[in-house]
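Visitor: Pasted the sequence and its predicted model underneath.
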Amino acid sequence: MNGRVVFLAVLAVVLVVGVWGWRRWHPASFWYGVEFPARVVLVYLTWAHVASGCGLARRRRRWRLTLDAVPMVETARSVTVATYRRRWRRVEVERPPRLGVLRPNRLGWRVRVRLHDGQVPGDYERAAERIAHAWRVHSVRIVDVRPGVVTLWATLHDPLTEVRVTPETGELLRVRPGKLENGADWVIDFRAVPHWLNAGATQSGKSNLANAIIKGLAPQPVALVGLDLKGGVEFTPYAPRLSALATTRTQCTALLADLVGELEHRMTICRGRGVRNIWHLPEGVRPMPIVVLVDEVAELFLMADRSEKDQVAKTGTALLRVAQLGRAFGVHLVVCGQRIGSDLGPGVTALRSQLSGRVCHRVNDPETATMTLGDLDPAALDAARTIPAQTPGVCIVAGQDGGWHRARSVYISEHEAEHAARTYAHLAPDWAELITTPAVRPAAA
């Protein structure tokens, strides 16, 4: 008897150690072979209660066969005897939405849910946090909406805790600054989405994203231009790779005037060749793409007194023209700022409407988040307001595929970005040669 107990104890220890080792050294196979089947059982067994608790179930009247007691009284002895009969009756039952088949992936699973009559996807967005707690997962999101059907995506852990990116492929005007919440690479493609708005408070990851963009574009045949009204402290270290750098409002006005003149020149070339944009031109004639990085855009619109009003108006108008005309003619904007609000004037709102790519990090005021994401998706705005301060680089991205995603940029130190700027300094074209008719020459790299 004692030998059997010892054998069972040793067997139990071996099983526990084996399961622990399996989970530690082969987590993917352990997830698909053990954890996911257990989660499937949990989801299907508890879905009726979860849907009811989240207000997603509907009460319906159904015909059911019931066993009802029918009293019978014996008059001689005055004794009541109950008999039972089966009857069809209409009773109210709570019916949860119909779940589809759980489809696993390495981050969790996806499942389609058929909506009840009168339900909308917003009902599931509001209940997502409660469903996540019931399923014991990190988060639940709506990732696909079709008529009468939504797809829920449950993630076991936060995929943005550690971010590693695929090495750059060198594709023109494409950079991979980080990862999306679904595990895919976060790709910024300036040919698909020409202009980007990058909002975020200090230490939120806004400058790190600019570093990643500079490092990704540095080895490409692209002209980089900087507008830095913080005295040049942000972009001066990258001056070797910049074709031009403006650090005062006067220099910014001249630089933007140059860009507008270059856009008009490129228009003339395209019109003469009978094409709609520079990408239809032969390679020998096609002008080099230009990416303009603007830091602290609010400084371009702020006025100390009325004497600066005309200069602010010229700067804002020129920047808006670049945004409106730049896509077809290879001039792209990355506009960064801590504070972006309607109080800066109508020029900021008009500029915002031209920046179809949006990146919102943690911000200090709700209006900046509203200006960045509020006109795109209310759910994205709610997600941006919940970014904790302990997660620099986490942001909400909108614009690449028509939807929005949580994302995180990989950490790029200033030393790495400076090294890339020095390494590829020979690729920076001279500003006077790049611009056909330059105005006042800004501070060159």
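Guide: Arrived safely.
Visitor: SS state for Pro159?
Guide: coil (DSSP: H, G, I helix; E, B strand; the rest coil).
Visitor: Got the phi and psi for it?
Guide: Dihedral pair for Pro159: phi -70, psi -10, per degrees, to the nearest 10.
Visitor: residue contacts, it?
Guide: Taking Cβ atoms under 8 Å, 6 or more residues apart in numbering, we find Pro159 in contact with 107, 179, 181-183. (Each C-beta comes from the backbone N, C-alpha and C, glycine too.)
Visitor: And Gly393, by the same measure?
Guide: Neighbour list for Gly393: 163, 178, 204-205, 208-209, 361, 408-411 [criterion: Cβ under 8 Å, 6+ apart].
Visitor: Give me the subset of those residues lying in strands.
Guide: Using DSSP state E, the members of the contacts of Gly393 that fall within strands are 178, 408-409.
Visitor: As a markdown table, these with distance to Arg249 and pLDDT would be great.
Guide: Compiled in a markdown table, the ones in strands among the contacts of Gly393 are given as follows (distance: Cβ to Cβ, whole Å; pLDDT from 0 to 100):
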| residue | distance to Arg249 | pLDDT |
| --- | --- | --- |
| Gly178 | 32 | 89 |
| Arg408 | 34 | 90 |
| Ser409 | 29 | 90 |
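Visitor: Just the closest of those to Gly232, please.
Guide: Distance to Gly232 across the ones in strands among the contacts of Gly393 (Cβ to Cβ) is lowest for Ser409, with 23.1 Å.
Visitor: Surely that closest one touches Ala212?
Guide: Yes. Using Cβ atoms under 8 Å, Ser409 makes contact with Ala212 at a distance of 5.4 Å.
Visitor: higher neighbour count, those two?
Guide: Under the criterion of other Cβ atoms under 10 Å, the comparison of Ser409 against Ala212 puts Ser409 first, with 28 against 25.
Visitor: what's the closest non-adjacent residue to that one?
Guide: Gly178 (3.8 Å; Cβ to Cβ, 6 or more residues apart in numbering).
Visitor: Now for that neighbour: which residues touch it?
Guide: Here Gly178 is in contact with 163, 165, 185-186, 209, 212, 393, 407-410 (Cβ under 8 Å, 6+ apart).
Visitor: Buried only: go through the residues you listed for me.
Guide: Buried members of the contacts of Gly178, counted by 16 or more other Cβ atoms under 10 Å: 163, 165, 186, 209, 212, 393, 407-410.
Visitor: Dump those residues to CSV, plus distance to Trp25.
Guide: Putting the buried ones among the contacts of Gly178 into CSV (distance: Cβ to Cβ, whole Å) gives the following:
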residue, distance to Trp25
Val163, 23
Val165, 25
Trp186, 29
Leu209, 35
Ala212, 33
Gly393, 30
Ala407, 30
Arg408, 27
Ser409, 31
Val410, 26
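Visitor: if we can go back for a sec, wait, which of the ones in strands among the contacts of Gly393 is closest to Arg103?
Guide: Nearest to Arg103, judged by Cβ to Cβ, of those is Arg408 at 24.8 Å.
Visitor: The closest one against Lys179, yeah?
Guide: Yes. Look at Arg408 against Lys179 with Cβ under 8 Å: they come within range, at 6.1 Å.
Visitor: what's the overlap in contacts for those two?
Guide: Common neighbours of Arg408 and Lys179, using Cβ under 8 Å, 6+ apart, are 160, 163.
Visitor: can you give me the helices in the chain?
Guide: Per DSSP state H, the chain carries helices over the ranges 2-25, 27-30, 36-53, 121-135, 206-217, 249-273, 298-301, 309-325, 346-354, 366-369, 378-384, 414-423, 431-434.
Visitor: between those, which one is nearest to Tyr238?
Guide: Tyr238 lies closest, by Cβ to Cβ, to one member of these: helix 414-423, at 4.2 Å.
Visitor: quick revisit: ok, so of the buried ones among the contacts of Gly178, who is nearest Leu263?
Guide: Leu209 (25.8 Å).
Visitor: quick one: contacts for the closest one?
Guide: Taking Cβ under 8 Å, 6+ apart, we find Leu209 in contact with 177-178, 198, 200, 359, 361, 393, 395, 409.
Visitor: Against Gly393, how distant is it?
Guide: Distance of Leu209 to Gly393, given as Cβ to Cβ, to the nearest Å: 8 Å.
Visitor: same question, Glu262
Guide: Distance of Glu262 to Gly393, computed by Cβ to Cβ: 34 Å.
Visitor: Greatest separation within the contacts of Pro159: which pair is it?
Guide: Top of the distance list for the contacts of Pro159 (Cβ to Cβ): Leu107 and Lys179, 11.2 Å.
Visitor: Compare those two (neighbour count), which wins?
Guide: Lys179 (23 against 19).
Visitor: need the contact list for that one.
Guide: Lys179 sits next to 159-160, 163-165, 185-186, 407-408, 410 when contact means Cβ under 8 Å, 6+ apart.
Visitor: Over to Ala154?
Guide: Applying Cβ under 8 Å, 6+ apart, the residues near Ala154 are 108-111, 131-132, 135, 137, 139-140.
Visitor: just to revisit the earlier point, between Ser409 and Ala212, which contacts overlap?
Guide: Common neighbours of Ser409 and Ala212, using Cβ under 8 Å, 6+ apart, are 177-178.
Visitor: Below-threshold pLDDT in this protein: ranges please.
Guide: Applying pLDDT under 70 to the chain picks out residues 1, 61-93, 167-169, 304, 307, 375, 399-402, 436-445.
Visitor: per-domain residue ranges of it.
Guide: 79-157, 174-434 (automatic domain parsing).
Visitor: Out of these, which is the most enclosed?
Guide: Among the domains of the chain, domain 174-434 has the highest mean neighbour count (mean count of other Cβ atoms under 10 Å), at a mean of 19.
Visitor: And that one, how far out from the chain middle?
Guide: Relative to its parent chain, domain 174-434 has a centroid offset of 17 Å by Cα atoms, centre = their mean, to the nearest Å.
Visitor: Quick one: end-to-end length of it, please.
Guide: Counting by Cα to Cα, to the nearest Å, you get 21 Å between the two ends of domain 174-434.
Visitor: returning to that earlier point: save the domains of the chain as a markdown table, and put in distance to Arg39 too.
Guide: Conversion of the domains of the chain to a markdown table gives the following (distance: least, Cβ to Cβ, whole Å):
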| stretch | distance to Arg39 |
| --- | --- |
| domain 79-157 | 7 |
| domain 174-434 | 18 |
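Visitor: Relative to Gly3, which of those is closest?
Guide: Of all these, the one in closest proximity to Gly3, counting by Cβ to Cβ, is domain 79-157 (40.4 Å).
Visitor: tell me the contacts of the nearest residue to Ala389 once chain neighbours are set aside?
Guide: Nearest residue to Ala389 in three dimensions, chain neighbours excluded: Arg362, at 6.1 Å (Cβ to Cβ, 6+ apart). The contact partners of Arg362, taken as Cβ under 8 Å, 6+ apart, are 200-201, 204-205, 384, 387-389, 391, 394.
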